[in-house]
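Asks: Here's my sequence, what's the structure:
(chains A, B, C and D)
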Number of protein chains: 2
Amino acid sequence: MPDSIAISPPLTPKKEEILTISARLFAQKGYAAVSMRELASETKMTPAALYHHYADKEALYYAALLHVFTDKASAIIELTKGRESSETKLKNLILWLIRLFSRDEIFTLLLQRELLDGNSARIKLLTREVIEPPFLEVERLIGKLVPNRNPKSLAVSAMSLILGHFQLMPILRNLTIEHSSAPIIDQEHALADTVRALIMGQSSKATETRGAF
Amino acid sequence: MPDSIAISPPLTPKKEEILTISARLFAQKGYAAVSMRELASETKMTPAALYHHYADKEALYYAALLHVFTDKASAIIELTKGRESSETKLKNLILWLIRLFSRDEIFTLLLQRELLDGNSARIKLLTREVIEPPFLEVERLIGKLVPNRNPKSLAVSAMSLILGHFQLMPILRNLTIEHSSAPIIDQEHALADTVRALIMGQSSKATETRGAF
DNA sequence: TTCACCTAAACGAACGTTCAATAGGGAAAA
DNA sequence: TTTTCCCTATTGAACGTTCGTTTAGGTGAA
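Replies: Numbering: from 1, shown residues only, chains lettered A, B, ... in the order given. The predicted structure follows:
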């Protein structure tokens, strides 16, 4: 048994640093708008040194995607194994899912860009590593809690609501909404309440007590 | 009084053709991934001819944005002036909003890209011309129909749900969902039912009769 | 004649990428 | 211990291509 658990990606510290910085740049500006020279400059290397670690720009981009996406949903297992009620599990799962996006901007940006420009293989990676695990668990809990409705379409709606919320963020700042001032943790809980209301099919008073987004 | 109503953009047919083709390319590949030579080739001109009509690439891109976004939400006036009940108005408004995205892929792609890369001025354009008009009307109707809840946060959630649904589309094809086969008009109504259920705070049986997405 | 519209050709800059050369550090040989 | 060797990591420089853009000149309708 090896000391380290992560044996799948044998990343040297240097490679890890490259991928972290590359992921940030690709997330902020998009694939086509980032040059190898800029990546080299940010990682304090020459372009030629970059090519020693990765065959070309696309390989570097894909490695950065893997670095950010792989095992992103692995923490789900913790949430589903507990002794809590299904209702509590769903609540925790939704909150965990929301924090996945709200607390990792680079991850969220890369995901949004991949949804626009990802080819079939990359969309499959995204589905398998990020979306599907929480989706299946949400669907399972809905089947238990709200059996008279279609769990699949309801789970899709829940994911859409969460994703759409973060997609809409840049516009919310222009809609004269008093949300921005609220602490992040309150915004997370408010969104979680809305998602739960959508699933349970009843208005939760919590959205009132917690205020708007 | 001129014959034509649209006096704001005095677009020649040639310019209109340029903008239509440019909007398609920018929507499909993104600003940085489209070259002036490609735009010239698609419009059957030389690059230099393109520069006769637009000062530079950014001006052309912004003009294409204006062409696609401007007055996109003007049809709302028709929906709000009628004699129908507020409930019917809301229903029609939601359906109209959904069709805005589902029946104009170029518009939807440009909007999603602008939400990622748009600067402050462009986000404001997007807000003013596209998002805010239906948003305010949805908010107003919610205030009438569900007065005990926060209209603003509920309207935001409705918009998020719709936008997120189309953002999630590429992944739905990988989630083994039986939705894709359904006619577009049924998908539109199913989504509309979900949005109304979110607003009215009750599960609508319609999502069952119409099936999943 | 004029002027909007177009062309061919080229500009310098930036792009992705390659290559020969070299520095550095640990293992192997002396 | 010292020397040799080797391999990884890195460099400066350059390759050819494509980029956004400009220039000088042409064409055809009013």
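
Asks: which element is A:Ser157 on?
Replies: Per DSSP states H and E, A:Ser157 falls inside helix A:151-172.

Asks: does any part of that helix sit near chain B?
Replies: Yes. If you take C-beta under 8 Å from any C-beta of the partner chain as the test, helix A:151-172 does meet chain B, through A:152-154, A:156-157, A:159-165, A:167-168, A:170-172. Backbone N, C-alpha and C define where each C-beta goes, glycine included.

Asks: Contacts only, for A:Leu95.
Replies: Residues counted as contacts of A:Leu95 (C-beta atoms under 8 Å, 6 or more residues apart in numbering or on different chains) are A:Glu188, A:His189, A:Ala192.

Asks: Out of those residues, grab the one that's most surrounded.
Replies: A:Ala192 (24 neighbours; other C-beta atoms under 10 Å in any protein chain shown).

Asks: Could you check how far that one is from DNA strand D?
Replies: A:Ala192 sits at a distance of 43 Å from DNA strand D (criterion: C-beta to the nearest atom of the strand, to the nearest Å).

Asks: what are the phi and psi angles of that residue?
Replies: phi -60, psi -40 (degrees, to the nearest 10).

Asks: My guess is it contacts A:Arg99. True?
Replies: No. Shown here, A:Ala192 and A:Arg99 do not form a contact pair, counting by C-beta atoms under 8 Å, at 9.3 Å.

Asks: Just confirm A:Ser74 is within a helix.
Replies: No. A:Ser74 is assigned coil when assessed by DSSP: H, G, I helix; E, B strand; the rest coil, not a helix.

Asks: centre of the chain versus stretch A:85-94, how much separation?
Replies: Remark: stretch A:85-94 is offset 19 Å from the chain centroid, using C-alpha atoms, centre = their mean, to the nearest Å.

Asks: How about that stretch, which residues are buried there?
Replies: A:Lys89, A:Leu90, A:Lys91, A:Asn92, A:Leu93, A:Ile94 (16 or more other C-beta atoms under 10 Å in any protein chain shown).

Asks: So for it, mean pLDDT?
Replies: Per-region confidence: stretch A:85-94 scores 96 on mean pLDDT.

Asks: That stretch near chain B anywhere?
Replies: No. Under the criterion of C-beta under 8 Å from any C-beta, chain B is not reached by stretch A:85-94; the shortest gap measures 13.7 Å.

Asks: Name the surrounding residues that touch that stretch.
Replies: So stretch A:85-94 is contacted by A:76, A:79-80, A:82, A:84, A:134, A:137-138, A:141-142, A:144-145, A:158, A:162, A:192, A:195-196, A:199 (C-beta under 8 Å, 6+ apart).

Asks: picking that back up, packing partners for the helix holding A:Ser157?
Replies: Taking 3 or more C-beta pairs under 8 Å, 6 or more residues apart in numbering or on different chains; DSSP states H and E as contact, the helices and strands that helix A:151-172 lies on are helix A:86-102, helix A:105-117, helix A:132-145, helix A:184-200, helix B:105-117, helix B:120-126, helix B:151-172, helix B:184-200.

Asks: if you set the cut-off to 7 Å instead, what comes out?
Replies: helix A:86-102, helix A:132-145, helix A:184-200, helix B:120-126, helix B:151-172 (3 or more C-beta pairs under 7 Å, 6 or more residues apart in numbering or on different chains; DSSP states H and E).

Asks: how far is it from where the chain is centred?
Replies: With C-alpha atoms, centre = their mean, you get 12 Å for helix A:151-172.

Asks: could I have it exported to PDB, CA atoms only?
Replies: This file holds the C-alpha atoms of helix A:151-172, laid out as PDB (Å, rounded to 0.1, in the frame of the first residue of the first chain):
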ATOM      1  CA  PRO A 151     -37.400  12.300 -10.300                       C
ATOM      2  CA  LYS A 152     -35.300  12.700 -13.400                       C
ATOM      3  CA  SER A 153     -36.900  15.900 -14.700                       C
ATOM      4  CA  LEU A 154     -37.000  17.300 -11.200                       C
ATOM      5  CA  ALA A 155     -33.300  16.600 -10.700                       C
ATOM      6  CA  VAL A 156     -32.600  18.300 -14.100                       C
ATOM      7  CA  SER A 157     -34.500  21.300 -13.000                       C
ATOM      8  CA  ALA A 158     -32.600  21.500  -9.700                       C
ATOM      9  CA  MET A 159     -29.300  21.400 -11.500                       C
ATOM     10  CA  SER A 160     -30.500  24.000 -14.000                       C
ATOM     11  CA  LEU A 161     -31.600  26.300 -11.200                       C
ATOM     12  CA  ILE A 162     -28.200  26.100  -9.500                       C
ATOM     13  CA  LEU A 163     -26.200  26.400 -12.700                       C
ATOM     14  CA  GLY A 164     -28.400  29.200 -14.000                       C
ATOM     15  CA  HIS A 165     -28.000  31.100 -10.800                       C
ATOM     16  CA  PHE A 166     -24.300  31.400 -11.200                       C
ATOM     17  CA  GLN A 167     -24.500  32.000 -14.900                       C
ATOM     18  CA  LEU A 168     -26.800  35.000 -14.200                       C
ATOM     19  CA  MET A 169     -24.600  36.500 -11.500                       C
ATOM     20  CA  PRO A 170     -23.000  39.200 -13.800                       C
ATOM     21  CA  ILE A 171     -26.400  40.500 -14.600                       C
ATOM     22  CA  LEU A 172     -27.700  40.500 -11.100                       C
END
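
Asks: and A:Ala40, what does it touch?
Replies: A:Thr46, A:Pro47, A:Ala49, A:Leu50 (C-beta atoms under 7 Å, 6 or more residues apart in numbering or on different chains).

Asks: Just the buried ones out of those, please.
Replies: Here, 16+ other C-beta under 10 Å leaves A:Leu50 buried among the contacts of A:Ala40.
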